[in-house]
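> This is a predicted model, with the sequence first.
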Amino acid sequence: RESVGLSIKNALVVIDEAHNVPEALRGISSCKLSLPVAEAALSQLNAYSKRYSGRLAGRNVFYLGQLRRILVAMIKYLKRPPKMPRRSEEGAEEAEEDGTKGVTEMMAAVDLMFAL
């Protein structure tokens, strides 16, 4: 709104297709972490650490180590054997949004950290 100079102060906002609002709000406050993304992040972190570790202060090297441990734990968690896939009412496995079959597990960030 700000970039186009639109102000909705003291305005009444009418939303058409309001049945889509809850899903849109869930999408705003969530993210999806996949094994390839976590592995790529670890690879990039290792490359960064290797290239710049000589220039970084000790505490920054320590922080990079913490990030590395978190990523390794996430990768281990994502590689664990999956729970049984969800089944639809007809008994067929449900496909993910990208068309692949698999298990999607929703959890809060704090629950993920305790699960690691």
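The structure has been received and is ready for your questions.

> Only C-alpha atoms from now on, for both contacts and neighbour counts.
OK.

> which stretches of the protein have low pLDDT?
Filtered on pLDDT under 70, the chain yields the residue ranges 1, 83-103.

> Beyond the longest helix along the chain, next helix or strand please.
Using DSSP state H, we find that the single longest helix of the chain is helix 58-79. Moving toward the C-terminus from helix 58-79, the next helix or strand (DSSP states H and E) is helix 109-115.

> So what touches that following helix?
Applying C-alpha atoms under 8 Å, 6 or more residues apart in numbering, the contact partners of helix 109-115 are Tyr77.

> chain center to that helix, what's the gap?
Here helix 109-115 shows a centroid-to-chain-centroid distance of 12 Å under the convention C-alpha atoms, centre = their mean, to the nearest Å.

> Tally up the residues packed near Gly65, please.
Gly65 is flanked by 15 other residues according to other C-alpha atoms under 10 Å.

> and the gap between it and Gln44?
Computed as C-alpha to C-alpha, to the nearest Å, the Gly65 to Gln44 distance reads 13 Å.

> re earlier: chain center to the longest helix of the chain, what's the gap?
Relative to its parent chain, helix 58-79 has a centroid offset of 16 Å by C-alpha atoms, centre = their mean.

> cool, stretch 28-43 as well?
Its chain's C-alpha centre and that of stretch 28-43 lie 5 Å apart, by C-alpha atoms, centre = their mean.

> How about stretch 40-51?
Centroid separation for stretch 40-51 versus its chain: 19 Å, with C-alpha atoms, centre = their mean.

> Start the count at 58 instead of 1 going forward.
I'll keep to 58 as the first residue from here, and by that count the last item is stretch 97-108.

> Name the residues of it that come out as buried.
By 16 or more other C-alpha atoms under 10 Å, the buried positions in stretch 97-108 come out as 99, 102, 106.

> for stretch 85-98, same thing?
Ala95.

> Show me the contact partners of that stretch.
128, 131-132, 135-136.

> Put the alpha carbons of stretch 102-114 into PDB.
Extracted in PDB, the C-alpha atoms of stretch 102-114 (Å, rounded to 0.1, in the frame of the first residue of the first chain):
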ATOM      1  CA  LEU A 102      26.900 -22.000   5.200                       C
ATOM      2  CA  ASN A 103      29.900 -24.400   4.900                       C
ATOM      3  CA  ALA A 104      31.200 -22.500   1.900                       C
ATOM      4  CA  TYR A 105      30.800 -19.200   3.600                       C
ATOM      5  CA  SER A 106      32.500 -20.400   6.700                       C
ATOM      6  CA  LYS A 107      35.400 -21.800   4.700                       C
ATOM      7  CA  ARG A 108      35.900 -18.600   2.700                       C
ATOM      8  CA  TYR A 109      35.500 -16.000   5.500                       C
ATOM      9  CA  SER A 110      36.300 -17.800   8.800                       C
ATOM     10  CA  GLY A 111      39.800 -16.100   8.900                       C
ATOM     11  CA  ARG A 112      38.200 -12.600   8.700                       C
ATOM     12  CA  LEU A 113      35.400 -13.200  11.300                       C
ATOM     13  CA  ALA A 114      35.500 -12.500  15.000                       C
END
